[in-house]
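1. sequence plus the predicted model coming up.
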2 protein chains.
Amino acid sequence: MKKKPLGPDLLARVADRFKVLAEPARLTVLNALREGPLHVSALMDKTGLNQANLSKHLQLLHAHGYVARRRQGVFIHYQLADNSVFALCDIMCGQLERKLKVESSQLKLKKAS
Amino acid sequence: MKKKPLGPDLLARVADRFKVLAEPARLTVLNALREGPLHVSALMDKTGLNQANLSKHLQLLHAHGYVARRRQGVFIHYQLADNSVFALCDIMCGQLERKLKVESSQLKLKKAS
DNA sequence: GTGATAAATTACCAGGTAGTCATATAGGAA
DNA sequence: TTCCTATATGACTACCTGGTAATTTATCAC
């Protein structure tokens, strides 16, 4: 039971995992998979990404364990391996809301001056 | 009360925020600030980053609302604006642990074959 | 005012990576 | 086998960003 699990190499690993999520295209993919597994072609339709680009993002998401793969005939279905991603996004959205609130109140103050 | 707050532009904002955390140097800075405010020179000592580099990371962290600034004479003290960062890191660490566990068990299977 | 120190900023370079196009691989049907 | 479709991969380019050095700004002491 480590209380402070934040050694230098662990920080690098954590940063790597954040990096995977630091891309709108990949978040779009994960979001598209929220409601269930989809094969690549369906993901192309749903995300608007082209085949090569989408495939590369999927490889990265898979390599980092964000999605799982399963073959079904010619199609390959991808699904979320872990829905903790959305816990992360929820926290981020919460931070965003607070930040936007602060900014808008600062804007009001500036207007009033 | 939006149930699905994940529009395309929101995804871009969330990705931007993840990007700020997707850097070992910045995570190191945030980690160094866990126990309280520090001025830049103290942060240099604690993190090993040089002045210019550290300053750039601090500007970014501040611009995104991760840290707050306060001047005290010649020194400028930085502190965490929000400790939800560590909630994010905890989730990441949890994912990492699960992933490492899976990998090690796969390794065992490979050895056994 | 000058000098000293803290922090920010600018200009630059180097490495990484998202996007795209073309090609390769793989599975199913005929 | 050959053809077709689904997905992956390689090469390439363009952009972005982290690190560094030099400079600038700001505050305090004198």
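-> Perfect, thanks for sending it.
2. please count neighbours and contacts with C-alpha atoms only from this point.
-> Fine.
3. counting by contacts, list what the helix or strand of chain A with the lowest mean pLDDT packs against.
-> Within chain A, no helix or strand scores below helix A:84-112, which has a mean of 77 by mean pLDDT, DSSP states H and E. With contacts taken as 3 or more C-alpha pairs under 8 Å, 6 or more residues apart in numbering or on different chains; DSSP states H and E, helix A:84-112 sits against helix B:8-21, helix B:84-112.
4. just name the most buried of those.
-> Most buried of these by mean neighbour count (mean count of other C-alpha atoms under 10 Å in any protein chain shown) is helix B:8-21; its value is a mean of 19.
5. so does it get close to DNA strand C?
-> No. Judged by C-alpha under 7 Å from any atom of the strand, helix B:8-21 stays clear of DNA strand C, getting no closer than 9.9 Å.
6. around DNA strand D, which positions in chain A sit nearby?
-> Neighbours of DNA strand D within chain A, by C-alpha under 7 Å from any atom of the strand: A:39-42, A:51-53, A:55-56, A:58-59, A:74-77.
7. report the buried members of those residues.
-> Using 16 or more other C-alpha atoms under 10 Å in any protein chain shown as the burial test, the residues of chain A next to DNA strand D include A:39-41, A:58, A:77 as buried.
8. ok so, going back, what's the closest of the helices and strands packed on helix A:84-112 to B:Leu33?
-> In terms of C-alpha to C-alpha, the element of the helices and strands packed on helix A:84-112 nearest to B:Leu33 is helix B:84-112, at 11.4 Å.
9. what residues does chain A have near chain B?
-> Proximity of chain A to chain B, by C-alpha under 8 Å from any C-alpha of the partner chain, involves residues A:6, A:8, A:11-12, A:14-19, A:21-24, A:27-28, A:31, A:65, A:84, A:88-89, A:91-93, A:95-96, A:99.
10. 6 Å instead?
-> For chain A, the residues in contact with chain B under the definition C-alpha under 6 Å from any C-alpha of the partner chain are A:11-12, A:15, A:18-19, A:22-24, A:88.
11. got CSV for the residues you listed, with distance to A:Thr47 too?
-> Supplementary listing: the residues of chain A next to chain B in CSV, determined by distance: C-alpha to C-alpha, whole Å:
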residue, distance to A:Thr47
A:Leu11, 31
A:Ala12, 30
A:Ala15, 26
A:Phe18, 21
A:Lys19, 20
A:Ala22, 17
A:Glu23, 13
A:Pro24, 11
A:Leu88, 21
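12. could you identify the most distant pair in those residues?
-> A:Leu11 and A:Pro24 (22.6 Å).
13. point out where chain A drops to low pLDDT.
-> A:1-5, A:106-113 (pLDDT under 70).
14. near DNA strand C, which residues of it show up?
-> Of all the residues in chain A, those lying near DNA strand C are A:20, A:23, A:25, A:49-50, A:52-53, A:57, A:72-74, going by C-alpha under 7 Å from any atom of the strand.
15. for DNA strand D, state which of the residues you listed is nearest.
-> A:Ala52 (3.8 Å; C-alpha to the nearest atom of the strand).
16. what angle sits between the one helix or strand that closest one maps to and helix A:8-21?
-> Secondary structure assignment for A:Ala52, by DSSP states H and E: helix A:51-63. Angle of helix A:51-63 versus helix A:8-21, following axes from the mean of the first three to the mean of the last three C-alpha atoms, to 10 degrees, is 150 degrees.
17. so what touches helix A:51-63?
-> Applying C-alpha atoms under 6 Å, 6 or more residues apart in numbering or on different chains, the external contacts of helix A:51-63 come out as A:Val67.
18. make it 10 Å
-> Contacts made with helix A:51-63 from outside it, assessed by C-alpha atoms under 10 Å, 6 or more residues apart in numbering or on different chains, are listed as A:17, A:20-21, A:23, A:25-27, A:29-30, A:40-41, A:43-45, A:47-49, A:64-69, A:78-81.
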